[in-house]
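S.K.: here's my sequence, what's the structure:
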Amino acid sequence: MKKCLVVSWCIVMVVVMVWGQGMDEGYQPARVVSFEKQALDARHPETSGGYKISMRMGNTLYVCHASGPASTFVDWSNGKEFPAKLEGKVLLVKGPDGPAELNVQHTKTPK
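M.R.: Numbers count the residues shown, from 1 in each chain. Predicted structure coming up:
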């Protein structure tokens, strides 16, 4: 009886772990390569303010622009790693203070 209970408990734990990993479907580790706050610029309002962020996911470097409250990006720095996934021209990043949407300006891949 005790052996059956232990086996059942192990099966439940495996199912819970597999189900939990399925919630992050499509996300993979992305590392912050550079992070800088952009100054306001009246001549180019589309890129002024916000943040210029470069992230490496796999072999690809994504150069992005993001805007949002400073609290969203307070813990972001070079070398930090966050789960991310690409959806079209938007890199969705799960940061410590919630999700952030980074608009991909261009990408670079090694040759």
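
S.K.: now do the SS call for V104.
M.R.: strand (DSSP: H, G, I helix; E, B strand; the rest coil).

S.K.: what's near enough to touch the nearest residue to V90 once chain neighbours are set aside?
M.R.: The shortest distance from V90 to any non-neighbouring residue, by CB to CB, 6 or more residues apart in numbering, is to E101 (5.3 Å). C-betas here are computed from N, CA, C, even on glycine. For E101, the contact set (CB atoms under 8 Å, 6 or more residues apart in numbering) comprises 66, 90-93.

S.K.: distance of E101 relative to N78?
M.R.: Using CB to CB, to the nearest Å, we find E101 at a distance of 20 Å from N78.

S.K.: about what we covered before: over to the residue nearest to V90. Which of the three states is it?
M.R.: Secondary structure, three-state DSSP: E101 is strand.

S.K.: then P110?
M.R.: For P110, the assignment made with three-state DSSP gives coil.

S.K.: the residue lying closest to it once chain neighbours are set aside: neighbouring residues, count only.
M.R.: Once flanking residues are discounted, P110 sits nearest to N59: 5.8 Å by CB to CB, 6+ apart. With neighbours defined by other CB atoms under 10 Å, the count for N59 comes to 8.

S.K.: got the confidence number for N59?
M.R.: N59 is assigned a pLDDT of 94 by the prediction.
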